[in-house]
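# Requesting a structural model of the entry that follows:
(one chain, ligands or ions: 2)
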Amino acid sequence: MTHARQPHIQVVAHRGASEDAPEHTLAAYKKAVEDGADALECDVRLTADGHLVCVHDRRVNRTSNGRGAVSALELADLAALDFGSWRYGGDPGDTEGPDWDEGQDPADPRDTSVLTLERLLELVAENNASGRRVQLAIETKHPTRWAGQVEERLLHLLKRFGLDTPPADGPSPVRVMSFSARSLHRVRAASPTLPTVYLMQFVSPRHRDGRLPEGVRIAGPGIRILRNHPGYVAKLKRAGHQVHVWTVNEPADVELCVRLGVDAIITNRPKQVLSQLGRA
Ligand code: G3P
Ligand code: CA
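Numbering: from 1, shown residues only. Ligands and ions are numbered 1, 2, ... in the order given. As a prediction, this is how the structure comes out:
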């Protein structure tokens, strides 16, 4: 079902267009931009030598041909790995593989090496310079272990790209998300106007009335919260918050999000969701 006259809902590509290309690779983000996503979601972790890379898991085992924790590896170690072969069957040139769909080309191997946040920011900057606007929703992973270093490095990079402060006349091209209120607090302390998103897997008693940690403007509930407590969206809205929901892949869940009036849908399938919303 399409929704031709609904209010604008942002479609955010979760780990890039991660249903069509290996998650967190340049290939996945290029595809998301091509599909017309309004924003790109990525997770960031620190390497042993202090670089921020876009990797979801603590270890690289699931999404690369290597092994080990990101925090124990240097950027050069990660750069030697292939982050596409787990989707393309072992060898990027090999068309036989568990996730191989007929008619789908494997991504250019240059686009499936480890993705630094810096490179992703370049992609966003290149894209936005060409006139088409895409936003970035960056999630800090494991921020407690690093006692502020993830946020420090993140804000340093955003500053270099001129993205640490939203423009006076428009929406912020970047927002920072986390399950950790402390991480978001660190971000706001350093850059008070940068929007922050408080991610929630469940609703803790202190947030049951729709209020979020001090200074957070956006709520990021998981779709399961909406399925079990649809009234929670109205509570968050009454408390003055935007609502960005993850990870919404099923048409019935998109429908639920539309009905409840959420502001953003975070999905592995931006193309399909845009189509369901009547925007593709
Ligand atoms: O966008 C929020 C969502 O990505 C949080 O869950 O595990 O996919 O990072 P996860
Ligand atoms: Ca994430």
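
# Give the residue spans of the stretch 51-200 of the chain that score low on pLDDT.
89-105, 143-146 (pLDDT under 70).

# Around ligand 2, pick out the residues from the chain.
Contact residues (CB under 5 Å from the ion) of the chain with ligand 2: 43, 139. The way it works is simple: take the backbone N, C-alpha and C, and place the C-beta from them, glycine included.

# how about the residues of the chain that lie near ligand 1?
Taking CB under 6 Å from any ligand atom as the criterion, the chain approaches ligand 1 at residues 14, 41, 43, 56, 139, 199, 220, 246, 247, 266.

# out of those, what pair is the most spread apart?
Farthest pair in those (CB to CB) is 56 and 220. Separation: 15.5 Å.

# In contact with whatever residue of the chain ends up closest to ligand 1: list those residues for me.
Using CB to the nearest ligand atom, the single residue of the chain nearest to ligand 1 is residue 246, 3.7 Å away. The contact partners of residue 246, taken as CB atoms under 8 Å, 6 or more residues apart in numbering, are 14, 41, 199, 220, 221, 222, 223, 266.

# What of residue 36?
Shown in contact with residue 36 (CB under 8 Å, 6+ apart): 11, 270, 271, 274, 279, 280.

# Drop the exposed ones from the residues you listed and show what's left.
11, 270, 271, 274, 279 (16 or more other CB atoms under 10 Å).

# from those residues, which has minimum pLDDT?
When the buried ones among the contacts of residue 36 are compared by pLDDT, residue 279 scores lowest at 95.

# Might one say that that residue is in contact with residue 11?
Yes - the criterion here is CB atoms under 8 Å, and residue 279 meets it with residue 11 at 7.5 Å.

# can you give me the helices for the chain?
26-35, 75-79, 85-88, 117-129, 149-160, 181-190, 223-228, 232-238, 251-260, 270-276 (DSSP state H).

# ok, and what's touching the fifth one?
Spelled out, it's helix 149-160. With CB under 8 Å, 6+ apart, helix 149-160 has contacts from 44-46, 50-52, 117-118, 121, 138, 140-143, 164, 174, 176, 183, 186-187, 190-191, 194.

# follow-up on the earlier one: model confidence for the residue of the chain closest to ligand 1, exactly?
98.

# so how far is residue 262 from it?
Residue 246 sits 11 Å away from residue 262, going by CB to CB, to the nearest Å.

# likewise residue 175?
In terms of CB to CB, residue 175 sits 15 Å off from residue 262.

# and the lengthiest strand in the chain, which strands flank it?
If you go by DSSP state E, the chain has its longest strand at strand 39-46. Under the criterion DSSP bridges, strand 39-46 sits next to strand 10-14 (parallel), strand 52-53 (antiparallel), strand 135-140 (parallel) in its sheet.

# what angle separates it from helix 149-160?
Relative orientation of strand 39-46 versus helix 149-160 (axes from the mean of the first three to the mean of the last three CA atoms, to 10 degrees): 130 degrees.

# Enumerate the beta-bridge partners assigned to the residue nearest the centre of the chain.
By CA atoms, centre = their mean, the chain has its centre lying nearest to residue 41, at 1.6 Å. Per DSSP bridges, the residues bridged to residue 41 are residue 14, residue 137.

# do the same with residue 244
residue 264.

# thinking it is in contact with residue 236, fair?
No - with contacts counted by CB under 8 Å, residue 244 stays clear of residue 236, the gap being 10.3 Å.

# which neighbours do the two share?
Taking CB under 8 Å, 6+ apart as the contact rule, residue 244 and residue 236 both touch residue 219.

# Against residue 34, how distant is residue 127?
Taking CB to CB, one finds residue 127 at 10 Å from residue 34.

# out of these two, which sits in the more crowded spot?
residue 127 (16 against 12; other CB atoms under 10 Å).

# From residue 69, how far off is the more buried one?
32 Å.

# got it, and residue 231?
From residue 231 to residue 69 the distance is 40 Å (CB to CB).

# So which of these two has more stuff around it?
residue 69 (16 against 9).

# That one contacts residue 59, correct?
Yes - with contact defined as CB under 8 Å, residue 69 and residue 59 form a contacting pair (5.2 Å).
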